[in-house]
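1. Predicted model and sequence below, questions to follow.
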Amino acid sequence: MAYVRKSCETCSTYCLSSGTIAAGQDHGQGGGGPFCSIPSRCGKEEGRYYVLGLLGKAGSHRQAHRRPRSADHRRTHTDPSLTALQRAPEGQPATRLGIGDKMVQMELFRSEEMNLVQLIIPSESAHDTVSYLAELGLLQFKDLNPDKSPFQRTYANQVKRCAEMARKLRYFRDQMGKASLTPAARPALDGGWSAQNGDVDLDDLEVKLSELESELTEILANTDKLNRAHAELTELNLVLQKAGAFFSSARDNATEAQRRELEGLSGSSEDMDRPLLLEQEMQIEPSKQVRLGYVSGVVPKAKALAFERILFRATRGNMFLKQAPIEQPVTDPATGEKVEKVVFVVFFAGERARLKVTKICEAFGANKYPFPEDATRQRQVKIQVASRLNELHQTLEAGNLHRDNVLTNIGYKLEEWTLLVRREKAVYHTLNMLSIDVTRKCLVAEGWCPVAAKSRIQDALQRAAFDSNSQVGTIFQVLHTKELPPTYYRTNKFTGAFQEIVDAYGVGRYREANPGVFSIITFPFLFAVMFGDWGHGIILLLASLYLVLNEKKYMSQKLGDIMDMAFGGRYVILLMSIFSIYTGFIYNEFFSVPFKIFGNSAYTCRDHPDIPWDQCESATTVGLIKLGDQPYPFGLDPAWHGSRSELPFTNSLKMKMSILLGVTQMNVGIILSYFNAKFFSKPLNVWYEFVPQILFLGSLFGYLSILIIVKWCTGSQADLYHVMIYMFLSPTDDLGDNELFWGQKQLQIVFLVIAFVAVPWMLLPKPLILKKQHEQRLAGRTYGILGGSDTESVNGDDEHEEFEFGEVFVHQMIHTIEFVLGAVSNTASYLRLWALSLAHAELSAVFYERVLLLAFEYDNIIIRLIGLIVFTIATLGVLLVMETLSAFLHALRLHWVEFMNKFYMGDGYKFHPFAFATLGEDDD
């Protein structure tokens, strides 16, 4: 069905219709009938676009809009693909935005413009309204009941119900995990929230979950009883086997001993083998014999030795203990765990000894089982136990099958139910943040939303009112406030990781310049300056490409901490590897080995010009000579590697390059402070912070950068250290051989004067002007400065805030000292680019030359293999893990401290809209 943008004949409001409008035709008439797009009034509003089914005036006008809603009609309203329609010329079909196009494209340089809005929601449509807004995910609600505890809020009972249902669902999930069952896949929410909410009623779900929990609890309780009985019968069966074997052996020995006594065949040596108890019984008259008692059972093997020792001490040795270990671990009836145990039989005499043995068995967790003394009775008990075990085994199998069937049926709906309960709990939790009108007929909500999303929020409000059959629409109005809005950047999976790096330092203040835009390039580039090796870069590239190509797989899995961190920064690692390959080509290093990729070297052997540089034996002693004036086409000439002057040359190159990069980035930071000052209309910050800062930095370190470039271009041998030091110590002295261009001394004096003037320029004027402005505001007058209207106070824009000149002056003095000292320390801090690059190159060279090449000098294949393994481990562990982490942290510090402190306040707070898409397991 095509929806056409038409004009309402009654109120001249542009609407969407599936039919046509005849002249003079009223609302709701004709084919499909257009609906008024303004919920509270009829009036012409050019260029607005809404989903069909919107509400008009209250009363008869609203009723004229009402249409009987069929299933297809409701499905049209709840289809999220129709929640936003692109503007179309009148009379032409309106095209719809994709699901991913949540709103118009937002800029990343400054946070999205925000509005504080108020919603007055009828009670009957409150639930649907909050649900629709959560589907949209563009409104951050404010808590209007901060003084109320969670138990005093209106929807506390509904939150408790959802929490209880979430507990039952977690219980089902735990039982499925114990049964080695997997829940069904999460359902696709193609029908939107309303479709899901329409399929399952929360009250019915609560009853269903209670019934399933009762059934499952009963099944598990019966299963536990059966398992305990099975474990006890298993232990009894083992006691019957082990103790029966002991009694049988003792009976046979006693019979044999009696036979030998009667026949007189036993000798003195055989008396030692006669059973002691039997000997005592034979020596005592039958009327005076004491009948021995015994206790049989099982005890954990770990406690068997202590068990025997305590029995011996408690009975003072008047007992006889026989133990037989069980070959396989058995299930303990009390804990249900597999435990190694020992079968024991304790013989004793007297009731007192029996009580002692019984208490000791209880203390050691020994399970006692009755053992019949009669052999016939033993056989009968064994048969009964075996039969009972067989019955229990069959019963357990049937019970487990029934349990698995119940859990499987639950698993088909578990994800859907979990999602529904999670969303319902979030909705009621949000409703608790709303204040209720005194008549209890409407709820008042306040929150922040992007300005560009207001039309979409209004669409959602109108759809919610329509679908909930509310007679009154939600009132949407913008509030004017001086409260600082939240900061919101629209990022994607690529820019999000770089924005997180910035937000880890501090969330940007509302609408201030975002360093995340520049970090997308500068962060991986500065990392690559320290990590420059295109061999190592290729390995990083392959690892990052693997994560990028398998991102759908890993996004659906729960990863470990380290893997989750690497996966979240996969695009950062991708750019880092690409820039590392680029700087590796500049440094001409592949695992510290140079390659003639861009042509032959311009250098040759000093003694024998016809011999190539890589075959010259005197390259490391007398050096090489250059043929011609043409430089190497790209990057470092391979002849420098291994030469006598390699280290001084690369040190000088990387040190000067680090200073140039640092000064450039710091100047960019200062320039961004200018754009912040202009954007927030603070001319004082422009004239008394930006201007002296850019002059101070440029007159000193900008001048040093010019000297570096001039020295490179002219090939001068001037000592730049001497030039910069004596620029302060003796500015009027003659430069001599250190003079790079005519007028350098006079230019140095001018720069020195500018640097000294810039310090009081930053310190004094701004506090004095702010003091003057405050005095004139108190006198009822206004004071303009330089054509602007700067109304700054200590903390910003509040004109009625008390002004303390001492605090302002101290704050400005700290800011001035911090910048002056920071200009020196920050420039020196960029030398870490040189230091880390040198360390990486030298470590790579050591591993290559002292491990790999040294091993390959031997003809033994085992030594070569060991050398290759050690080289691989060292490269992966040290260069690709530790060095990567080190370079990453140093690049992070350069951005946080040296770059961002020039302009970035970082004292804002994030925009956290209420959205179903961001709900996780923690919200259960």
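-> Sure thing, it's come through.
2. In the stretch 551-700 of the chain, where is pLDDT below threshold?
-> Across the stretch 551-700 of the chain, the ranges flagged by pLDDT under 70 are 606-615, 617-623, 628-629.
3. Would you map the strands across it?
-> 603-605, 624-626 (DSSP state E, counting those that start in this stretch).
4. Quick check: which of those strands has the most neighbours on average?
-> Sort the strands of the stretch 551-700 of the chain by mean neighbour count, taking mean count of other CB atoms under 10 Å, and strand 603-605 sits at the top with a mean of 21. In short, each C-beta sits where N, CA and C put it, glycine included.
5. Stretch 898-910: which residues count as buried?
-> Using 16 or more other CB atoms under 10 Å as the test for burial, stretch 898-910 gives 898-904, 906, 908.
6. Go through these and name the one nearest residue 829.
-> Distance ranking of the buried residues of stretch 898-910 against residue 829, using CB to CB, places residue 898 first at 5.6 Å.
7. Find the residue closest to the closest one in space, skipping its chain neighbours.
-> residue 826 (4.4 Å; CB to CB, 6 or more residues apart in numbering).
8. Which strands or helices does the helix or strand containing the one you found pack on?
-> Using DSSP states H and E, residue 826 sits within helix 805-829. When contacts are defined as 3 or more CB pairs under 8 Å, 6 or more residues apart in numbering; DSSP states H and E, helix 805-829 sits against helix 646-679, helix 691-697, helix 744-763, helix 765-778.
9. Distance to residue 466 and mean neighbour count for the ones you listed - can I get that in TSV?
-> Listed next are the helices and strands packed on helix 805-829 as TSV, based on distance: least, CB to CB, whole Å; neighbours: other CB atoms under 10 Å:
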stretch	distance to residue 466	mean neighbour count
helix 646-679	41	18
helix 691-697	57	21
helix 744-763	60	16
helix 765-778	51	17
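10. can you tell which of those is closest to residue 820?
-> helix 744-763 (6.1 Å).
11. What is the neighbour count of residue 804?
-> 14 (other CB atoms under 10 Å).
12. pLDDT value on it, please?
-> pLDDT, residue 804: 90.
13. quick one, phi psi at it?
-> For residue 804, the backbone dihedrals are phi -120, psi 110 (criterion: degrees, to the nearest 10).
14. Tell me how far it lies from residue 145.
-> Separation of residue 804 from residue 145 (CB to CB, to the nearest Å) stands at 36 Å.
15. One more: residue 373?
-> 76 Å.
16. So between the two, which is more surrounded?
-> Set side by side, residue 373 and residue 145 show more neighbours around residue 145, with 15 against 8, by other CB under 10 Å.
17. The more buried one contacts residue 431, doesn't it?
-> No - applying CB atoms under 8 Å, one finds residue 145 not in contact with residue 431, separated by 10.6 Å.
18. so what's residue 677 up against?
-> 683, 685-686, 689-690 (CB atoms under 8 Å, 6 or more residues apart in numbering).
19. Let me have those residues in JSON lines, extended by distance to residue 888 and neighbour count.
-> Formatted as JSON lines, these follow (distance: CB to CB, whole Å; neighbours: other CB atoms under 10 Å):
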{"residue": "683", "distance to residue 888": "39", "neighbour count": "18"}
{"residue": "685", "distance to residue 888": "33", "neighbour count": "19"}
{"residue": "686", "distance to residue 888": "35", "neighbour count": "19"}
{"residue": "689", "distance to residue 888": "32", "neighbour count": "23"}
{"residue": "690", "distance to residue 888": "31", "neighbour count": "23"}
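20. Point out where this structure drops to low pLDDT.
-> Residues of the chain that meet the cut-off, pLDDT under 70, sit at 1-106, 185-199, 264-291, 606-615, 617-623, 628-629, 781-801, 923-924.
21. in it, which helix has the most residues?
-> helix 202-263 (DSSP state H).
22. Can you tell me the closest non-neighbouring residue to residue 584?
-> Take residue 584 and drop its neighbours on the chain: the residue closest to it by CB to CB, 6+ apart is residue 534, 3.0 Å away.
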